[in-house]
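Chemist: Predicted model and sequence follow; I will ask about them next.
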Amino acid sequence: MHTEIILSGFGGQGIMFAGQIMSFAAMDSGREVTWIPSYGPEMRGGTANCTVVIADEEIGSPVVKNPDAALAMNLPSLDKYEAMVKPGGALVINASMVDRPAKRTDITSVAVPCNEIAEEIGNPRLANMVAIGALLACMNVLTLADMETALNNHMPGRHKALLPKNVEALTRGAEFAKKALNK
């Protein structure tokens, strides 16, 4: 198994944290992993993306040109990364921030109202975890249990009280995607 993923959005949407937690989940489950962050010139509000490569064997290159999956938390990210996803790959779109569906029909795509679901949970900053839950429902790379373990093991101590809400956000995102995809 060798899976390449691009997570993207505006700075402040938790893209880097989401990528780190996915990386920790992969490491904790005994897989090889790379995580490479990329920031625009601004921090909050500017562009932000990261790549995560998860494999069973040593990773030869962390460079991702045609990912197996992409997460687009905003319209500029969708415009940039949709065309790059491999045919047969997965694309999760934050429908709260993007006003158009995916154009491609050769990939699995799901539009998830991440911000609205996060608000229902009680914390708008959980939109990233809603999106990651949806992404995991579209591909067979990590489980929600892997993510929960990683959050528990690697979340900064000052944020440990948010663990149950993060797990709820992952679960709600996965449930939404499964229902939308009739899984």
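Modeler: Perfect, I can see it now.
Chemist: which other residues reach the longest helix anywhere in the chain?
Modeler: Secondary structure of the chain read by DSSP state H shows that its longest helix is helix 163-180. Outside helix 163-180, the residues that touch it by CB atoms under 8 Å, 6 or more residues apart in numbering are 92, 110-114, 117-118, 120-123, 126-127, 129-138, 144, 147-148, 151-152, 155, 183. Just so you know, the C-beta spots here come from the backbone N, C-alpha and C atoms, and that holds for glycine as well.
Chemist: With stretch 78-91 instead?
Modeler: Residues outside stretch 78-91 that contact it (CB under 8 Å, 6+ apart) are 6, 8, 49, 65-72, 93, 98, 100, 102-104, 106-110, 135, 138-139.
Chemist: need the strands for the protein, in chain order.
Modeler: Using DSSP state E, the strands of the chain run over 2-10, 32-39, 47-55, 69-72, 90-94, 108-112.
Chemist: Please identify the most buried of those.
Modeler: Across the strands of the chain, the average number of neighbours (mean count of other CB atoms under 10 Å) peaks for strand 69-72, which reaches a mean of 29.
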